[in-house]
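Student: need coordinates for the following:
(one chain, ligands or ions: 1)
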Amino acid sequence: MGDKMKTITDEEYLTLVLMADFQYPKKPNLVSDGYADGYPMWDAFCPKCGCGLEDSDAFCPDCGQMIDWSEDDTVEEEYNKRKEETK
Ligand SMILES: [Zn+2]
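Tutor: Okay, here's the model as predicted:
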């Protein structure tokens, strides 16, 4: 309604895309580090820059990528599938 369409520069657009990407949580890259007390030990690395992560880091301390620490549900899916098969 008479509003002028806003235009942004390529650079502004790129900034927005990058910001959106950083705000989308990514799962850390997990590298198995053997077992301790029967539990697998993992070393976690930033999926974006490869920087090492602490379990409590919600963001990569190096590049700021948001980290998704939620359990990978493929494990649960696999478990349920096997349970179905053994019925
Ligand atoms: Zn990073």
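
Student: next up, the contacts around residue 63.
Tutor: 22, 46, 48-49, 51 (CB atoms under 8 Å, 6 or more residues apart in numbering). For the C-beta atoms, the positions are set from N, CA and C on the backbone; glycine is no exception.

Student: recalculate using a threshold of 6 Å.
Tutor: Going by CB atoms under 6 Å, 6 or more residues apart in numbering, residue 63 touches 48-49.

Student: what does this structure put close to the ion?
Tutor: Contact residues (CB under 5 Å from the ion) of the chain with the ion: 46, 48-49, 51, 60, 62-63, 65.

Student: pLDDT, distance to residue 83 and secondary structure added to the residues you listed, as CSV?
Tutor: What follows is these, written out as CSV (pLDDT from 0 to 100; distance: CB to CB, whole Å; DSSP: H, G, I helix; E, B strand; the rest coil):
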residue, pLDDT, distance to residue 83, secondary structure
46, 94, 34, coil
48, 91, 36, coil
49, 94, 39, coil
51, 93, 38, coil
60, 93, 36, coil
62, 93, 41, coil
63, 91, 40, coil
65, 91, 35, coil
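
Student: mind checking which of those residues are buried?
Tutor: For those, a burial check counting by 16 or more other CB atoms under 10 Å picks out 46, 48, 60, 65.

Student: the residue nearest to the second one when sequence neighbours are not counted and residue 39: what is the separation?
Tutor: Translated: residue 48. Leaving aside its sequence neighbours, residue 48 sits nearest to residue 65 (CB to CB, 6 or more residues apart in numbering; 4.2 Å). Distance, residue 65 to residue 39, by CB to CB, to the nearest Å: 26 Å.
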